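Colleague: Structural data only, the sequence is not supplied:
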């Protein structure tokens, strides 16, 4: 027992000192939350987004790495747009998820040309609704779950993009909502 006593004292001292010698707590710089979701990939514009086996998220040399469930889809365009949150234009899709059709409701403050584009996970337009001139007020358009070519859209995630072009020439207003189609 006397032989173990110095060893036990040394062990207690080491444990006591090791817990008080930590200079700093480690800082978490990045983290990963793995899961499944949408994968977007385009060509020359270097647009890649997804959540399948995702790498560490963050900014790398002026490139944006965006991961997470329901990642935002950034599509290039040539027009100056002002993004308007869906709540500000009373923009809604019901029912969502949909099985056969959905009513897309919106409100516009002034006479405008209004277009609704339904795009798939790759950003390709599968259906265009509207494109007409609307007076100020509340409106609803029906998406029958069909593509522009007249075939049923497949099960999956879609994005509804409301584009408001005021007749007065003011800036283009854009709102986006996700739509789930379940067949």
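Modeller: Happy to help now that I have it. These numbers were taken from a predicted model, which means no experiment stands behind them.

Colleague: contacts, neighbours, all on C-alpha from now
Modeller: Will do.

Colleague: any weak-confidence spans in the chain?
Modeller: Across the chain, the ranges flagged by pLDDT under 70 are 1, 13, 15-89.

Colleague: same thing but at 80, please
Modeller: Low-confidence segments of the chain (pLDDT under 80): 1-4, 6-8, 10-89, 170-172, 183.

Colleague: All the strands of it, residue numbers only.
Modeller: Assigned by DSSP state E, the strands in the chain fall at 40-41, 48-49, 58-60, 63-65, 81-83, 92-94, 102-108, 112-119, 125-134, 137-143, 156-166, 172-181.

Colleague: Now render the ones you listed as TSV, adding distance to residue 10 and mean neighbour count.
Modeller: Shown next, in TSV, are the strands of the chain (distance: least, CA to CA, whole Å; neighbours: other CA atoms under 10 Å):
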stretch	distance to residue 10	mean neighbour count
strand 40-41	59	16
strand 48-49	54	20
strand 58-60	46	10
strand 63-65	50	13
strand 81-83	66	13
strand 92-94	69	18
strand 102-108	73	19
strand 112-119	68	21
strand 125-134	72	16
strand 137-143	76	14
strand 156-166	63	21
strand 172-181	63	18
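
Colleague: These: which one's closest to residue 11?
Modeller: Distance to residue 11, taken as CA to CA, is lowest for strand 58-60 among the strands of the chain, at 43.1 Å.

Colleague: Tell me which of the strands of the chain lies nearest to residue 8.
Modeller: Evaluated over those, closeness to residue 8 peaks at strand 58-60, with 47.8 Å, by CA to CA.

Colleague: Show me what stretch 125-137 is in contact with.
Modeller: For stretch 125-137, the surrounding residues in contact (CA atoms under 8 Å, 6 or more residues apart in numbering) are 107-120, 141, 143, 146-148, 153.

Colleague: quick one on the thing from earlier: could the strands of the chain be laid out in CSV, adding distance to residue 4?
Modeller: Below are the strands of the chain laid out as CSV (distance: least, CA to CA, whole Å):
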stretch, distance to residue 4
strand 40-41, 64
strand 48-49, 60
strand 58-60, 53
strand 63-65, 57
strand 81-83, 73
strand 92-94, 75
strand 102-108, 78
strand 112-119, 74
strand 125-134, 77
strand 137-143, 81
strand 156-166, 67
strand 172-181, 68
